[in-house]
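Enquirer: Here is a sequence with its predicted model. Questions after.
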Amino acid sequence: MIILNTLRHKSMSRPTSTDCGIAGFLCTLMTLLLLASCSLQPADYPTPDEPTADSDRLIVLCEGLWGMDNSSLSLIDHGVLTNRWFQQQNPGRHLGDTGNDILHINDTLIAISVNWSNIIQYIRPDGTAIAATENIPNNRRLATDGNGFLYVTSYADKGYVAKIDLRTKQIVDTCHVGYEPEGIAYYDGRLYIANTGGYSTQTKDHGYEQTVSVVDAPTMRELRRIDTGCKNLYGTMSQSGQYICINSAGDMYTIPPRCIVLNMANDEFRVYDFPATYNCAYHNRFYMIGSSYSYITGTYTYSAHTISLPSLEATEGLADYNAANETIMNMQSPYAIYISPLSGHLYATDARSYATNGYVYEFDRQGVQLKRYLLRGVNPSRIIAM
């Protein structure tokens with residue numbers, strides 16, 4: 001399925017590493033062993049009252065460039081950066097081609113979706129590889145139910161979700177959803193999947209999607225679709241309890257990007273007229289950096305917003321972290337935002353030119369910059385705490 005990643009650029013607010021590799025390609029042509037733990041509950045972290053400047057242990061997933069087999073992991077351990085961490089812990093091995101998502105499942109298991117390599121790679125928290133689930137083409141995003149199963153979205157076969165038994169690492173069921181499904185979340189026995197329809201401008205056999213599929217997780221049957229009225233539900237989707245934050249990328253011509261916050265307890269949602277391209281959840285708030293691209297003007301516009309829960313009140317800026325706004329808005333290519341549940345520190349990445357090594361910036365709870373880490377990895381898109 002060669003159209004797999006060649007069509008991603010049309011479905012998002014800014015190109016990723018995949019898009020950049022594909023853009024170059026098009027221009028040339030016409031231009032995770034058995035679990036060691038008895039618990040599969042998602043990791044939960046207390047927030048210390050007085051975190052130190054270097055109290056976090058984080059993994060940074062760098063996508064790499066599509067087709068270059070150069071996805072990588074960097075470790076930030078109490079302020080000490082280790083680049084090419086996966087290769088260091090697994091000599092002679094590569095993480096794979098185009099890492100899309102990383103999920104800390106529990107104290108012994110981390111899953112990584114590797115898009116073009118068509119695998120889900122599993123590692124221990126020390127970085128050693130232990131297993132892989134193969135044959136999930138164009139895999140995208142990850143979610144777990146905390147009861148032994150992992151769920152993965154895939155753009156292949158017109159769009160589906162795969163269910164993996166984490167004890168065997170085998171696919172046990174699938175469910176077709178909307179075209180090119182992206183973000184996924186689990187709540188109260190149900191999966192919520194954001195559909196993009198991002199290949200529509202290339203295949204011409206469907207339009208942009210604007211629905212969220214609701215799937216019964218035990219039976220893997222689609223229950224219904226929630227019509228958000230917003231096109232192309234692409235990119236990072238973060239979860240805070242019963243709420244999820246979804247980015248609508250629009251079409252980058254006349255349909256502007258939007259942000260949607262959906263209450264999974266009752267399927268009600270609110271739409272905001274700003275993008276949530278890169279977002280995260282922390283202490284009953286969604287924090288987001290919006291990236292709006294226009295094919296008409298050929299320019300990007302960036303924004304920062306915070307949405308409080310459960311009031312759904314939206315404000316400009318990053319609330320308590322407002323002091324970080326100026327630095328983030330002046331980045332060459334903001335690419336991820338994350339707030340550590342361990343320290344409360346905010347981390348933001350800069351992909352720069354999408355083809356060179358990226359940066360991770362660390363800010364304290366008041367948004368004051370503490371450090372800037374130079375990665376030896378391209379397109380740092382996801383961060384998790386351990």
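Expert: Structure's in. What do you need? Treat the numbers as computed from the prediction; the structure is a model and nothing was measured.
Enquirer: As a check, name the ranges of all strands in the stretch 201-350 of the chain.
Expert: 211-216, 221-227, 238-240, 243-248, 258-263, 268-272, 278-281, 285-294, 299-308, 314-316, 334-339, 346-350 (DSSP state E, counting those that start in this stretch).
Enquirer: As CSV, the ones you listed with mean pLDDT would be great.
Expert: Output for the strands of the stretch 201-350 of the chain, formatted as CSV (pLDDT from 0 to 100):
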stretch, mean pLDDT
strand 211-216, 98
strand 221-227, 98
strand 238-240, 98
strand 243-248, 98
strand 258-263, 98
strand 268-272, 98
strand 278-281, 98
strand 285-294, 94
strand 299-308, 95
strand 314-316, 98
strand 334-339, 98
strand 346-350, 98
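Enquirer: measure stretch 155-172 end to end?
Expert: One end of stretch 155-172 to the other measures 18 Å (CA to CA, to the nearest Å).
Enquirer: So which bits of that stretch are buried?
Expert: For stretch 155-172, burial by neighbour count (16 or more other CB atoms under 10 Å) applies to 155-156, 158-164, 166, 169, 171. The way it works is simple: take the backbone N, C-alpha and C, and place the C-beta from them, glycine included.
Enquirer: Please apply the same query to stretch 241-251.
Expert: 243-251.
Enquirer: Give me the pLDDT for residue 55.
Expert: Residue 55 is assigned a pLDDT of 83 by the prediction.
Enquirer: Show the contacting residues for it.
Expert: Contacts for residue 55 (CB atoms under 8 Å, 6 or more residues apart in numbering) come out as 48, 78, 342-343, 345.
Enquirer: got it, and residue 366?
Expert: Each residue near residue 366 by CB under 8 Å, 6+ apart is listed here: 320-321, 323.
Enquirer: swap in residue 122?
Expert: Contacts for residue 122 (CB under 8 Å, 6+ apart) come out as 32-33, 109-112, 129-133, 169.
Enquirer: mind redoing it with 7 Å?
Expert: Taking CB atoms under 7 Å, 6 or more residues apart in numbering, we find residue 122 in contact with 32, 109-111, 130-132, 169.
Enquirer: ditto for residue 228
Expert: 210-212, 260, 269, 271.
Enquirer: Go through the residues you listed and single out the one with the most neighbours.
Expert: Counting neighbours by other CB atoms under 10 Å, residue 212 leads those with 28 neighbours.
Enquirer: Give me the phi and psi angles of residue 237.
Expert: Phi and psi for residue 237, reported as degrees, to the nearest 10, are phi -130, psi 120.
Enquirer: out of everything not next to it in sequence, what's closest to it?
Expert: residue 183 (2.7 Å; CB to CB, 6 or more residues apart in numbering).
Enquirer: Off-centre distance for the strand or helix carrying the one you found?
Expert: Using DSSP states H and E, the element containing residue 183 is strand 181-187. Here the centre of strand 181-187 is set off from its chain's centre by 10 Å, with CA atoms, centre = their mean, to the nearest Å.
Enquirer: elements contacting that strand?
Expert: strand 139-144, strand 149-154, strand 190-195 (3 or more CB pairs under 7 Å, 6 or more residues apart in numbering; DSSP states H and E).
Enquirer: With mean neighbour count as extra columns, can I get those strands in a markdown table?
Expert: What follows is these, written out as a markdown table (neighbours: other CB atoms under 10 Å):
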| stretch | mean neighbour count |
| --- | --- |
| strand 139-144 | 24 |
| strand 149-154 | 25 |
| strand 190-195 | 25 |
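Enquirer: Could you work out which of the ones you listed reaches nearest to residue 365?
Expert: Closest to residue 365 of the helices and strands packed on strand 181-187 is strand 139-144 (CB to CB; 28.2 Å).
Enquirer: re earlier: okay if I get the buried residues of stretch 241-251 as CSV plus distance to residue 372?
Expert: Formatted as CSV, the buried residues of stretch 241-251 follow (distance: CB to CB, whole Å):
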residue, distance to residue 372
243, 32
244, 31
245, 27
246, 30
247, 26
248, 31
249, 28
250, 32
251, 35
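Enquirer: ok, the residues you listed vs residue 299, which is closest?
Expert: Among the buried residues of stretch 241-251, residue 250 lies closest to residue 299 (CB to CB), at 14.8 Å.
Enquirer: Next, work out how far apart the closest one and residue 198 are.
Expert: 12 Å (CB to CB, to the nearest Å).
Enquirer: residues contacting the one residue sitting closest to the centre of the chain?
Expert: Centroid-nearest residue in the chain, with CA atoms, centre = their mean: residue 236, separated by 4.1 Å. Residue 236 makes contact with 183, 247, 278-279 under the criterion CB under 7 Å, 6+ apart.
Enquirer: Most neighbours among those, which one is it?
Expert: residue 247 (30 neighbours).
Enquirer: Double-check that residue against residue 259; I have them as touching.
Expert: Yes - taking contacts as CB atoms under 7 Å, residue 247 lies within contact range of residue 259: 6.4 Å.
Enquirer: what do these two both touch?
Expert: In contact with both residue 247 and residue 259: 275-276, using CB under 7 Å, 6+ apart.
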